[in-house]
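S.K.: Can you look at this prediction? I've put the sequence above it.
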Amino acid sequence: MTAAVQLDRVTVRFGDFTAVDGAKLDIAPGEFFSFLGPSGCGKTTLLRTISGFIEPSAGRVLIDGRDMRGIGPNVRPTALIFQNLALFPNMSVADNIAYGMRVRGVPRRKRAETVERLLDLIALPGQARKRIDELSGGQKQRVAIARALAVEPQVLLLDEPLSALDLKLRQHMRNELRAIQRRVGITFVYITHDQGEALAMSDRIAVMNRGVIEQVSDGRTLYNSPETAFVASFVGESNILAGKVASVDGAVASVDTPIGPLRGRNVRGLRPGSQALLFLRPELLVPSADGIAARVTDAAFEGTGTLLTLAAADGRPLTVLVSGAAARDIPPKGAEIRLAYKAEEALVLPPDAAGDA
């Protein structure tokens, strides 16, 4: 099967600055694919390169097997939804949706039929005559999606379209976007710095750091089996402890850290004497009769659980997420507790660019 989008060693430079460095991946037809990373990592530059607003300095972008070199954004089989949506405030909803079709010379009757069909798709039937400034934030998002779909792109590109919405509406629109994508069946390429968005919506995610794609996988794999220290620190929350590998027993390494020896999965095959970072997810630490000694310094109730902040023996902060039945018995501030975890649930990785997250 031909990839919907293929990046063949794409590099983008602006003078001496390399914004994207050798990006190489295939995005499958009908896939909801996200680029995730902090501001300035190159993800928006890569999206604009796919859309044709930026030409790569090296490498190729192929869409449906066709090299896009020299093909402008107006004739590529893509549509781009900008972060600010770029809707026309003085036009009606119908005129906004029909704009791209009108520019392409689609007959009036066909435009009207498409507008009605798309209004049903985005759950805004009967809203055709409304002005854009009469709509809520979520409704504007849906109109922008309908306008993009009206030109029947093979690939829909979305540049952080939910970033301006409040939390509850953003969560609602995640579900809306995913449902629309499943109904229309076209490829969505989504840009975000919000890991929650990426994990909730995407079939696969590419995590970027300083212009480089560090890992491509589904969300569950990224969270549970990150391949680099940057991915482990950026996707989800972790307690990060630096140290040196003391010994290796099969797939598990023991790391000497400032709070004592700790064990974790040695996924990169580090050898004794290697510098290492050990990653412990807050939800995987549990109270125990023995283990890591710590003192409770704060407790923050977060609805679905309580986030405990603790001070380890050397004073460094640790976080523990307590949920379910255990959340009914939260230790008071100042309490001395011990924490345990399963070695196979911790990760030992070389210290690459984790601090950049």
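M.R.: In hand now; what should we look at?

S.K.: rest of the way, CA atoms for contacts and neighbours
M.R.: OK.

S.K.: Counting by contacts, list what the longest helix seen in the chain packs against.
M.R.: Ranked by residue count under DSSP state H, the longest helix found in the chain is helix 167-184. Helix 167-184 sits against helix 195-201, with contacts defined as 3 or more CA pairs under 8 Å, 6 or more residues apart in numbering; DSSP states H and E.

S.K.: re the thing from before, name the surrounding residues that touch the longest helix of the chain.
M.R.: Contact with helix 167-184 is made by 32, 121-122, 138, 162-163, 187-188, 197, 200-201, as judged by CA atoms under 8 Å, 6 or more residues apart in numbering.

S.K.: Now it: buried residues?
M.R.: Neighbour-count burial for helix 167-184, counted by 16 or more other CA atoms under 10 Å, picks out 170, 173-174, 176-177, 180-181.

S.K.: Out of the contacts of helix 167-184, give me the two with the largest separation.
M.R.: L121 and S163 (22.6 Å; CA to CA).

S.K.: thinking again about what came up before, just the closest of the buried residues of helix 167-184 to L25, please.
M.R.: Q181 (21.0 Å).

S.K.: where does the closest one land on pLDDT?
M.R.: As predicted, Q181 sits at a pLDDT of 90.

S.K.: One more: A354?
M.R.: The model reports A354 with a pLDDT of 47.

S.K.: Could you pull up the residues touching Q154?
M.R.: 4, 77-78, 186-187.

S.K.: what about 10 Å?
M.R.: 4-5, 29-30, 63-64, 76-79, 185-188 (CA atoms under 10 Å, 6 or more residues apart in numbering).

S.K.: For the residues you listed, work out which two are farthest apart.
M.R.: Spanning the widest gap among those are R76 and G185, at 18.5 Å by CA to CA.

S.K.: Inside helices: which ones of the contacts of helix 167-184?
M.R.: Per DSSP H, the contacts of helix 167-184 map to helices at 121, 138, 197, 200-201.

S.K.: tell me the domain boundaries of the chain?
M.R.: 5-227, 228-280+342-357, 286-340 (automatic domain parsing).

S.K.: Going along the chain, name the strands of the stretch 1-150 of the chain.
M.R.: Counting by DSSP state E, counting those that start in this stretch, one finds strands in the stretch 1-150 of the chain at the ranges 5-14, 17-27, 32-36, 58-63, 66-67, 78-81.

S.K.: What of the stretch 201-350 of the chain?
M.R.: 204-209, 212-217, 239-249, 252-257, 260-266, 275-280, 286-301, 306-312, 317-322, 336-340, 347-349.

S.K.: Mind putting these into JSON lines with distance to F53, mean neighbour count and mean pLDDT?
M.R.: Below are the strands of the stretch 201-350 of the chain laid out as JSON lines (distance: least, CA to CA, whole Å; neighbours: other CA atoms under 10 Å; pLDDT from 0 to 100):
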{"stretch": "strand 204-209", "distance to F53": "20", "mean neighbour count": "24", "mean pLDDT": "97"}
{"stretch": "strand 212-217", "distance to F53": "20", "mean neighbour count": "19", "mean pLDDT": "97"}
{"stretch": "strand 239-249", "distance to F53": "39", "mean neighbour count": "19", "mean pLDDT": "96"}
{"stretch": "strand 252-257", "distance to F53": "47", "mean neighbour count": "23", "mean pLDDT": "96"}
{"stretch": "strand 260-266", "distance to F53": "43", "mean neighbour count": "21", "mean pLDDT": "95"}
{"stretch": "strand 275-280", "distance to F53": "39", "mean neighbour count": "24", "mean pLDDT": "96"}
{"stretch": "strand 286-301", "distance to F53": "45", "mean neighbour count": "16", "mean pLDDT": "89"}
{"stretch": "strand 306-312", "distance to F53": "44", "mean neighbour count": "20", "mean pLDDT": "92"}
{"stretch": "strand 317-322", "distance to F53": "43", "mean neighbour count": "21", "mean pLDDT": "92"}
{"stretch": "strand 336-340", "distance to F53": "52", "mean neighbour count": "16", "mean pLDDT": "92"}
{"stretch": "strand 347-349", "distance to F53": "38", "mean neighbour count": "29", "mean pLDDT": "96"}
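
S.K.: Out of those, flag the one nearest K43.
M.R.: The closest of these to K43 is strand 204-209. By CA to CA, the value is 6.9 Å.

S.K.: who does the closest one pair up with?
M.R.: strand 32-36 (parallel), strand 212-217 (antiparallel) (DSSP bridges).

S.K.: May I see these organised as a markdown table, with distance to S92 added?
M.R.: Output for the strands paired with strand 204-209, formatted as a markdown table (distance: least, CA to CA, whole Å):
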| stretch | distance to S92 |
| --- | --- |
| strand 32-36 | 30 |
| strand 212-217 | 40 |
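
S.K.: quick one: which of those is nearest G105?
M.R.: strand 32-36 (29.9 Å).

S.K.: average pLDDT across the closest one?
M.R.: Rounded mean pLDDT across strand 32-36 is 97.

S.K.: Turn the strands of the stretch 201-350 of the chain into JSON lines, including distance to A112.
M.R.: Formatted as JSON lines, those follow (distance: least, CA to CA, whole Å):
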{"stretch": "strand 204-209", "distance to A112": "35"}
{"stretch": "strand 212-217", "distance to A112": "40"}
{"stretch": "strand 239-249", "distance to A112": "55"}
{"stretch": "strand 252-257", "distance to A112": "63"}
{"stretch": "strand 260-266", "distance to A112": "58"}
{"stretch": "strand 275-280", "distance to A112": "55"}
{"stretch": "strand 286-301", "distance to A112": "51"}
{"stretch": "strand 306-312", "distance to A112": "52"}
{"stretch": "strand 317-322", "distance to A112": "53"}
{"stretch": "strand 336-340", "distance to A112": "63"}
{"stretch": "strand 347-349", "distance to A112": "56"}
